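> need a 3D model of the following:
(2 chains)
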Amino acid sequence: MIFKCKNCGGNTVYSPEKHGMYCPFCDSEGSHERTDDSLGDLTVCPNCGGEIKLQEFTSATRCPSCDCYLILNERVEGEYAPRFILPFQLGKETCKQRIREKFKKYRFAPTDFLAEVRLNEMQGVYVPFWLYDYNAHWDYRAEGTKVRVWTSGDTEYTETSYYDVERDMDIQFRQMPVDASIQMPDDVMDLVEPFDYEQMVDFSPEFMSGFYAEKYNMEAASLEERAKKKMEEDARQLLNNTCTGYSTLRVKIRDLSVKDSQSDFGLLPVWRYLYQYGGQSYPFYVNGQTGKIVGEAPLSMKKVWAYSGTLWACLTAILVLLQVILVYI
Amino acid sequence: MDYKKEAGKQYVKYFFVWFIIIGILAVTAAVVVGMNVILSKRSRSNTDAPDERVYDYAGILSEDQKEALRTQIARTEQRVHLDIVLVTLNQPMEGDGPMRQNDAVSPSLEDVMEAYADNFWDDSGYGYNKSFEGDGLILVDNVYEDQGYWQISTSGEAERQLSSGDINRLLDVIEKNYDSSPFRAYSEFVDAVSVKFDSRNPAPIPYGMILLIPIVSALIYAFVNSRQKKAEDTTTAGTYVPGGRPVMNSVRDDFTHKTVTQRHIQTSSGGGGHSGGGGGHHHSRSGASHGGGGRRH
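Here you go, the predicted model:
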C-alpha cells in the first residue's frame, strides 16, 4: 500500500512533529488516501515500476527510484498484523540535534562524524517487539539478622538480633518488550528502552508511511525465554527492595511462580544511523520516542595523537617556562 | 565541506587558551631572564675590595692555573653573588708567634688559621655587596711542613646559608681532589660553591616532575576521552510494573531472639622523638661575624 495526497498525488508521510499525515510536496495535512496496488512478486515498485530489493522480513521500505514509501499489505495484515504501534514522536531533525549534542564534546571522533550529509542518512525504523504480560507471585521466607556493635571501656560488644522475614506479593508485569528482529542487536535494543506506552495506539498502517519496518522475525514462543529472564531479574530486584536493613538473610523459602501470561505484537520506533569509518560500520540507535541514544563513536587515532601530543607539549612548555621564571625572578 | 580544514579549525579553537597562556609565559620568561642578566651585571656594590681573587703565596700554582681559577671565580661570582677568594701559604701557623701576629685566641693551628682567614677577608675589604660583613667566602690553604691545613671562612650570606655540614662537604671536595692536584681541588671547591648557591640548584620544579606531569596528564586525557559507554541502562525493576511497585499481600518482620558477644580490646601505645642540630659562629678582631671551619691535610 502507498499513501498518496488527494491534492497533488504525492506520497504522504507521517510527521512526528505534526502528529499526523503530511504531504511534503504540497504541505497539505490530512489529505492522504490509501492506494492498495499490489506489489506483485515484491520486486517492482507499484508507483514507478522501478526495481526494489526486499529483505525477508521487510514490511515497509522506500523505493530507491521514486523515493516513495511502500507498505507491504501481506506483512502487516493477518497473522503479521501488529496489535499496537508507538508512532514516532521525534523527527529526524530533532534526532540529529540530539546526536550532535551528545557527541559534540567527544574530541576523538572523525571530523565528518557529525556532518549534516552523514546524519541525513539516518533512517526511521519500526522495530518488531513482542510485549509480554506476566502475573508473578513471590513466596519468600528467611531468617534475617541485624547486628549492632558498641564498646564500653576496653570491651567490644556485638549484639545480633534475629527476625522471621516473610514476603507474600503479587507482581503484574505489563508489556515487557523483547525485540523480534534478527538484524537489531538484543543488547542495544534493551538499552534503547524504556518506551512510554501512554503514547502507544492501536495499529494503523498510516504511521508506517515515511519509515522502514519489519514484521516479526520469530514467534513469541521462541523469545519467551528471554522475556522470562528479564522478568525474573526484575522480580528478584523488587523482592530485594522490600528486604533492606538486614545484615544477613538466610533463605528458607524463595518461590517465584507465574500464574498467567500473554503476549502481543507491537511496533516501536527507533532511528538508526550507520556511520562507516576505516572499513568498519558504527551503528547508532535513537529511541524514536524519548531520544535516548545507544552507540559508540569511532576513534580517530590521528586525533588521539594530535590532541594528546599537543596537550603533552603545552604542559611541558608551561612547566619549563614556569621553571625559568621561578629561577630568574 | 573540507573536513581537513574543519579539523584544523576545531584543533586551534580547542587549544587556543593553552597557546595564549604559553605565549604570555614565554614573554614573561624572556623579560625576567633579560632583567636578570642586566641586573646581575650591575649588582656588585662593593668597590673597596681588590680585583684579585687568587693569592698563591706558597707558589704551588702555575700562571695558567691561576688565570683559569680567576676566570672560573669571576664567572661563578656573577651567578652566585658572592666573593670567592683563594689564598695559599707556606709558613708556620702554629705557636705563640703566629698567634700574636694574627690576634688568634690560642696558638693552635686551627685558631691561627681561622684568625688569618678572617683577618685577610676583613682587611682586604672583600664582600660582594659591602666591605664589612659582606657576602662571600675565603679558602686558605697552608702547605707548611706538618702544618698543612685548609681553612674556609664565611661571611654575610655565605655565613648564614652554610651550615657546619655544608662546610664539611666543601672540605671533603678539597680533600678528595687535593692528592691529584691542588689546582683541581680549588677548582672543584669553586664549583661546589656554585652548585650550592646558584638559585638554579635545586630547581624550583623538580626536572622529574617536568617530564612526568605532562606524560601522565596526556595519557589520562587520552584514556578518559577515548572511553565511551554505549548507553546507561535506564530501565528499573519497576519500569513494566503498573505503579512501579508490587502488591504486598503479607509482610512480616518478627523479632525472635538476640545474642550478645563480647571481646576484649588490645591497646598499645607508642612514642616519638625529634632531633636537631646547629652550628656556631665567631667574630674576627675587627668585630665582623664569620662562620666556617677547617681541616688538617
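
> quick one: contacts for the spatially most central residue of chain A?
By Cα atoms, centre = their mean, chain A has its centre lying nearest to A:Val192, at 2.3 Å. By Cβ atoms under 8 Å, 6 or more residues apart in numbering or on different chains, the residues touching A:Val192 are A:Val270, A:Tyr285, A:Val286, A:Asn287, A:Lys292, A:Val294, B:Ala231. C-beta coordinates here come from the backbone N, C-alpha and C atoms, glycine included.

> what ranges does chain B have for its strands?
With DSSP state E as the criterion, chain B has strands at B:54-56, B:83-89, B:136-142, B:149-155, B:247-264, B:282-283, B:289-296.

> worst average pLDDT in these?
Across the strands of chain B, strand B:282-283 has the smallest mean pLDDT, namely a mean of 80.

> so where do the helices sit in chain A?
For chain A, the helices defined by DSSP state H occupy A:92-103, A:116-119, A:186-192, A:220-241, A:301-328.

> need the CA coordinates for the third one. CSV is fine.
This points to helix A:186-192. As requested, C-alpha coordinates have been extracted for helix A:186-192 and formatted as CSV (Å, rounded to 0.1, in the frame of the first residue of the first chain):
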residue,chain,number,x,y,z
ASP,A,186,19.5,-7.6,21.5
ASP,A,187,21.7,-5.7,24.0
VAL,A,188,21.3,-2.5,22.0
MET,A,189,17.5,-2.9,21.9
ASP,A,190,17.5,-3.5,25.7
LEU,A,191,19.5,-0.3,26.1
VAL,A,192,17.1,1.7,23.9
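
> what comes up buried for that helix?
A:Val188, A:Met189, A:Asp190, A:Leu191, A:Val192 (16 or more other Cβ atoms under 10 Å in any protein chain shown).

> skipping its backbone neighbours, what lies nearest the last one in space?
Okay, so that is A:Val192. In space, and not counting its chain neighbours, A:Val192 is closest to A:Asn287: 5.0 Å by Cβ to Cβ, 6 or more residues apart in numbering or on different chains.

> am I right that the one you found is in contact with A:Leu191?
No: using Cβ atoms under 8 Å, A:Asn287 makes no contact with A:Leu191, being 9.3 Å away.

> all strands of chain A, in order?
Counting by DSSP E, chain A has strands at residues A:2-5, A:13-15, A:20-22, A:32-35, A:58-62, A:69-71, A:84-85, A:123-152, A:155-179, A:201-202, A:212-214, A:248-277, A:280-287, A:293-294.

> with distance to B:Gln78, mean neighbour count and mean pLDDT added, can I get those in TSV?
Below are those laid out as TSV (distance: least, Cβ to Cβ, whole Å; neighbours: other Cβ atoms under 10 Å in any protein chain shown; pLDDT from 0 to 100):
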stretch	distance to B:Gln78	mean neighbour count	mean pLDDT
strand A:2-5	91	22	92
strand A:13-15	82	21	95
strand A:20-22	85	20	93
strand A:32-35	92	16	86
strand A:58-62	82	21	93
strand A:69-71	86	24	93
strand A:84-85	87	20	95
strand A:123-152	68	18	95
strand A:155-179	70	18	95
strand A:201-202	89	9	95
strand A:212-214	81	23	96
strand A:248-277	60	16	93
strand A:280-287	63	19	91
strand A:293-294	65	22	93
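
> export the ones you listed to CSV and tack on distance to A:Trp305?
CSV is the format used below for the strands of chain A (distance: least, Cβ to Cβ, whole Å):
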stretch, distance to A:Trp305
strand A:2-5, 51
strand A:13-15, 45
strand A:20-22, 47
strand A:32-35, 54
strand A:58-62, 41
strand A:69-71, 44
strand A:84-85, 48
strand A:123-152, 34
strand A:155-179, 39
strand A:201-202, 51
strand A:212-214, 39
strand A:248-277, 16
strand A:280-287, 19
strand A:293-294, 27
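
> measure how buried A:Phe113 is and give me the count.
Here the count is done by other Cβ atoms under 10 Å in any protein chain shown, and A:Phe113 has 22 residues near it.

> wait, what's in contact with it?
Contacts of A:Phe113 by Cβ under 8 Å, 6+ apart are A:Phe103, A:Tyr275, A:Tyr277, A:Ala297, A:Pro298.

> now, which of the residues you listed sits nearest A:Arg254?
The shortest approach to A:Arg254 among those belongs to A:Ala297, at 43.3 Å (Cβ to Cβ).

> apart from its neighbours in sequence, what residue is nearest that closest one?
A:Ala109 (4.3 Å).
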